[in-house]
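A.B. asks: could you work out the structure for the sequence below:
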Amino acid sequence: MKYAVIVLLILGVGIVGGILVFGERNQVITVPSAGLDKTVLSSSSVLAEENVSSFPSSTIAVTSTAAATTTLAVPTSMTIEKVVPAAFSVELSDLTPSQGETVLVDVSGNPKNPKVFYDGKSIPVFPYQNGLRALIPVGAHESIGTHTVRVTGDGNPEYSKSLSVKKGNFPVVDLGIPEKMGTTTPSQLVQDLSKENAELNAIVALVTPEVFFTRGFGLPLADNTRLGSVFGEIRKTGDQTITHLGVDFRGAEGSKVAAMNDGIVEKAENTALYGNMVIIDHGEGIFSMYLHLKTILTAKGAKVKRGQVIGTLGQTGYATGPHLHLSVKINGVSVDPIKFVEAFK
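C.D. replies: Alright, predicted model coming up:
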């Protein structure tokens, strides 16, 4: 009887121990994949999201203070995102522009959320060819001296550069009032110009958040060598002074006038001083204006292509002879059209 009790005690301990060991060996700790940390690389020269799927299909053993080994269940494949700041480079077309010129800001490297500022004012950034571009219009009345260009992108160091604006070489000329304008006085002329300019400025101040062109701009005439008046010319009419914010091309009346680039016609009508005129929106705050036309060969809302004929050269409105007045506006600021075309490649 004594021996039977001892045998039964030994069997009982063995069974209980087996149950405990069996339970510990089947204990599984599950770690949700959402608990994994995202790895952030310190280098700013690489943009990457790497898919990591090299975990083995077997479980990973961990050391336990318990008598038996506990296993950690890990998914056979998971993704770890490596968030890396995007490096970018900036190139300015001119660090010492003169009044009336356009400075191109080219950004490469695909930065995230790029922004360009000129003296703290935001400048539209748009895709162009294989990178991004912004245009800084240096107006005829821009202050002489140092101005600042800043470029930023999420996760990147800020780029900052100084521009040194030089005084433009603007000639002074005397210009009378055409006889066809009757008894208009110089002061009345300036008032009328201010009224028409206010209406036009309301159009060119708008920024269409889209770019309609994919290549550079061209001049509108078959012969663009016959200059009548240069950009920035200071015209004295009686006791009034007017700055010429465009370029006048001489030519035969009726000569074809073409669009400088792809865009949408925003205005195509006659005005008292500018005569028959066409305004084209090229997108992202860029406009071209064609004044004193003899005829208008397009309409508001029309989509036009680079080189498409939109009118003919004339002398309507405030004009002393046949010519085309061409203006280019960027973010509402007039720039020299000839230098703009030369710079915009």
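A.B. asks: identify the residues contacting the spatially most central residue of the chain.
C.D. replies: The C-alpha lying nearest the average C-alpha coordinate of the chain belongs to V125 (C-alpha atoms, centre = their mean; 1.1 Å). Contact partners of V125, counting by C-beta atoms under 8 Å, 6 or more residues apart in numbering, are 107, 114-116, 132-134. To be clear about C-beta, it is placed using only N, CA and C from the backbone, and glycine gets the same treatment.
A.B. asks: chain neighbours aside, what residue packs nearest to it?
C.D. replies: Leaving aside its sequence neighbours, V125 sits nearest to A134 (C-beta to C-beta, 6 or more residues apart in numbering; 4.8 Å).
A.B. asks: test my guess that that neighbour contacts I123.
C.D. replies: Yes - using C-beta atoms under 8 Å, A134 is in contact with I123, at 4.7 Å.
A.B. asks: those two: which is more packed in?
C.D. replies: A134 (27 against 22; other C-beta atoms under 10 Å).
A.B. asks: just the buried positions in whichever strand or helix holds that one, please.
C.D. replies: Using DSSP states H and E, A134 sits in strand 131-137. If you call a residue buried by 16 or more other C-beta atoms under 10 Å, then strand 131-137 has these buried ones: 132-137.
A.B. asks: and it, average pLDDT?
C.D. replies: Across strand 131-137, pLDDT averages out at 96.
A.B. asks: which is the next helix or strand following it?
C.D. replies: strand 145-152.
A.B. asks: quick one: strands adjacent to the next helix or strand after that following strand?
C.D. replies: With elements assigned by DSSP H and E, the helix or strand that comes after strand 145-152 is strand 159-165. Note on strand 159-165: by DSSP bridges, its sheet partners are strand 145-152 (antiparallel).
A.B. asks: for the strand it pairs with, list the C-alpha coordinates in PDB.
C.D. replies: Extracted in PDB, the C-alpha atoms of strand 145-152 (Å, rounded to 0.1, in the frame of the first residue of the first chain):
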ATOM      1  CA  GLY A 145      19.900  97.800 -54.600                       C
ATOM      2  CA  THR A 146      19.700  94.500 -52.700                       C
ATOM      3  CA  HIS A 147      16.600  92.100 -52.800                       C
ATOM      4  CA  THR A 148      16.300  88.600 -51.500                       C
ATOM      5  CA  VAL A 149      15.200  85.400 -53.100                       C
ATOM      6  CA  ARG A 150      14.300  82.400 -50.900                       C
ATOM      7  CA  VAL A 151      13.400  78.900 -51.900                       C
ATOM      8  CA  THR A 152      12.000  76.400 -49.400                       C
END
